[in-house]
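In: need coordinates for the following:
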Amino acid sequence: MNVDQLVKKFQQKDVKAFEELYVMYSESMHGVIYNIVRDYNIAEEIMQDVFIKIWNKSDSYSPQKGRFFTWILNIARNAAIDKTRSKNFKKSKQNLDASFFVDIIKSNDNLDHKTDAIGIKAFVSKLAEKCKEVIELLYFKGYTQSEASEVLDIPIGTIKTRNRNCIQELRHMVLK
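Out: Below you'll find the predicted structure:
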């Protein structure tokens with residue numbers, strides 16, 4: 001059964017379709033969420049919440065607006081970013097041990113194997129360096145455009161333009 005058929009069954013609340021989509025996408029989603037929250041258990045919790053949310057809101061997905069995976073990945077990414085901005089999350093990270101930060105520094109290779117389960121790394125690696133930087137910060141590390149502007153020391157307008165242009169270039173490569 002292809003993905004479109006699975007999604008239609010999923011939208012009709014078919015549990016088997018849900019299970020298949022979970023198997024197909026959970027590892028990729030967990031990888032993206034983990035890259036943002038940097039905590040395995042929290043990433044797992046967010047991923048479960050996202051799957052419940054997409055089950056409950058499955059009727060809001062429209063294939064005309066984009067791919068199903070993109071839809072759930074955006075929901076997952078937004079949920080992870082929301083979590084990092086919550087007071088409880090910020091409090092829990094105040095007294096982190098040094099290994100947390102060493103791991104962040106060490107993971108300069110932005111896309112780990114879980115994030116790359118859909119093969120996006122090959123496409124991102126073909127982009128110009130300035131695109132890789134922006135996409136890594138905004139999509140894989142969960143930075144806001146303002147935060148990315150500060151980190152890269154470039155104007156926010158440039159970040160917005162690069163983001164739009166780089167995503168457009170990435171979309172063109174993927175859909176070729």
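In: show me what the helix ranked longest in the chain is packed against.
Out: For the chain, the longest helix by residue count, based on DSSP state H, is helix 15-37. Secondary-structure packing of helix 15-37 (3 or more CB pairs under 8 Å, 6 or more residues apart in numbering; DSSP states H and E): helix 3-11, helix 40-56, helix 68-85. C-beta: built from backbone N, CA, C; applies to glycine.
In: what angle do helix 40-56 and the shortest one make with each other?
Out: Angular relation of helix 3-11 and helix 40-56 on a 0 to 180 degree scale: 80 degrees, by axes from the mean of the first three to the mean of the last three CA atoms, to 10 degrees.
In: tell me which residues in helix 3-11 are buried?
Out: For helix 3-11, the neighbour count (16 or more other CB atoms under 10 Å) marks 3, 6-7, 9-10 as buried.
In: residues in contact with that helix?
Out: By CB atoms under 8 Å, 6 or more residues apart in numbering, the surrounding residues in contact with helix 3-11 are 1, 16-18, 20-21, 24, 55, 58-59, 61, 63, 68-69.
In: take the residues you listed and write them to JSON lines, including neighbour count and distance to Leu170.
Out: Formatted as JSON lines, these follow (neighbours: other CB atoms under 10 Å; distance: CB to CB, whole Å):
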{"residue": "Met1", "neighbour count": "10", "distance to Leu170": "28"}
{"residue": "Lys16", "neighbour count": "11", "distance to Leu170": "32"}
{"residue": "Ala17", "neighbour count": "19", "distance to Leu170": "28"}
{"residue": "Phe18", "neighbour count": "17", "distance to Leu170": "29"}
{"residue": "Glu20", "neighbour count": "16", "distance to Leu170": "27"}
{"residue": "Leu21", "neighbour count": "23", "distance to Leu170": "23"}
{"residue": "Met24", "neighbour count": "15", "distance to Leu170": "21"}
{"residue": "Trp55", "neighbour count": "15", "distance to Leu170": "28"}
{"residue": "Ser58", "neighbour count": "19", "distance to Leu170": "26"}
{"residue": "Asp59", "neighbour count": "9", "distance to Leu170": "28"}
{"residue": "Tyr61", "neighbour count": "17", "distance to Leu170": "21"}
{"residue": "Pro63", "neighbour count": "12", "distance to Leu170": "20"}
{"residue": "Phe68", "neighbour count": "21", "distance to Leu170": "18"}
{"residue": "Phe69", "neighbour count": "17", "distance to Leu170": "14"}
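In: next, format the residues you listed as JSON lines and append distance to Thr144.
Out: Converted to JSON lines, the contacts of helix 3-11 look like this (distance: CB to CB, whole Å):
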{"residue": "Met1", "distance to Thr144": "39"}
{"residue": "Lys16", "distance to Thr144": "39"}
{"residue": "Ala17", "distance to Thr144": "35"}
{"residue": "Phe18", "distance to Thr144": "32"}
{"residue": "Glu20", "distance to Thr144": "34"}
{"residue": "Leu21", "distance to Thr144": "29"}
{"residue": "Met24", "distance to Thr144": "30"}
{"residue": "Trp55", "distance to Thr144": "28"}
{"residue": "Ser58", "distance to Thr144": "28"}
{"residue": "Asp59", "distance to Thr144": "30"}
{"residue": "Tyr61", "distance to Thr144": "25"}
{"residue": "Pro63", "distance to Thr144": "29"}
{"residue": "Phe68", "distance to Thr144": "26"}
{"residue": "Phe69", "distance to Thr144": "23"}
